[in-house]
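Peer 1: Only the shape, not the letters, is given here:
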């Protein structure tokens, strides 16, 4: 895995807030949309993000357990295999759940 710092960190931090479009992430991290789209492809290939949606090419992404582990360990990043091993071990302890809608007043109607 070859990360581009600080951009990849910024992308993963944006996805901590929930699913997001690559275009929104580009705006939020002050990078070009084209560059973010390229980085999202790499992060997807590394298993750090997943594409969401029933339609291909929507540009909607979500962080994966491996992505969250990478973000948590990113200060220890080097391009060697030791970092990837640490990430894999940490990712096994993480579960990412999509947001749920809870309507406490649903029974009141």
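Peer 2: Yep, that arrived. Just so we're clear, the structure is a prediction, and the values are computed from it rather than from any experiment.
Peer 1: what's near enough to touch the residue nearest the centre of the chain?
Peer 2: Geometric centre of the chain, nearest residue: residue 63, 2.9 Å, by Cα atoms, centre = their mean. The contact partners of residue 63, by Cβ atoms under 8 Å, 6 or more residues apart in numbering, come to 12, 15-16, 48-49, 71, 96. C-beta here means a position set from N, CA and C on the backbone, and glycine is covered the same way.
Peer 1: Now render those residues as a markdown table, adding distance to residue 29.
Peer 2: Below are the contacts of residue 63 laid out as a markdown table (distance: Cβ to Cβ, whole Å):
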| residue | distance to residue 29 |
| --- | --- |
| 12 | 10 |
| 15 | 11 |
| 16 | 13 |
| 48 | 15 |
| 49 | 14 |
| 71 | 14 |
| 96 | 20 |
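Peer 1: Nearest to residue 81 among those residues?
Peer 2: Ranked by distance to residue 81 (Cβ to Cβ), these are led by residue 48 at 16.2 Å.
Peer 1: give me every residue that touches that closest one.
Peer 2: Listed by Cβ under 8 Å, 6+ apart, the contact set of residue 48 reads 1, 8, 12, 63-64, 66-67, 70.
Peer 1: So which of these is the closest to residue 33?
Peer 2: Once Cβ to Cβ is applied, the member of these that ends up nearest residue 33 is residue 8, at 16.0 Å.
Peer 1: related to what we said a few turns ago, lowest-confidence one in the contacts of residue 63?
Peer 2: Lowest pLDDT of the contacts of residue 63: residue 96, 78.
Peer 1: wait, what's in contact with the residue lying closest to it once chain neighbours are set aside?
Peer 2: With sequence-adjacent residues excluded and distances taken as Cβ to Cβ, 6 or more residues apart in numbering, residue 96 is closest to residue 65, at 5.5 Å. Residues in contact with residue 65 (Cβ under 8 Å, 6+ apart) are 91-92, 94-96.
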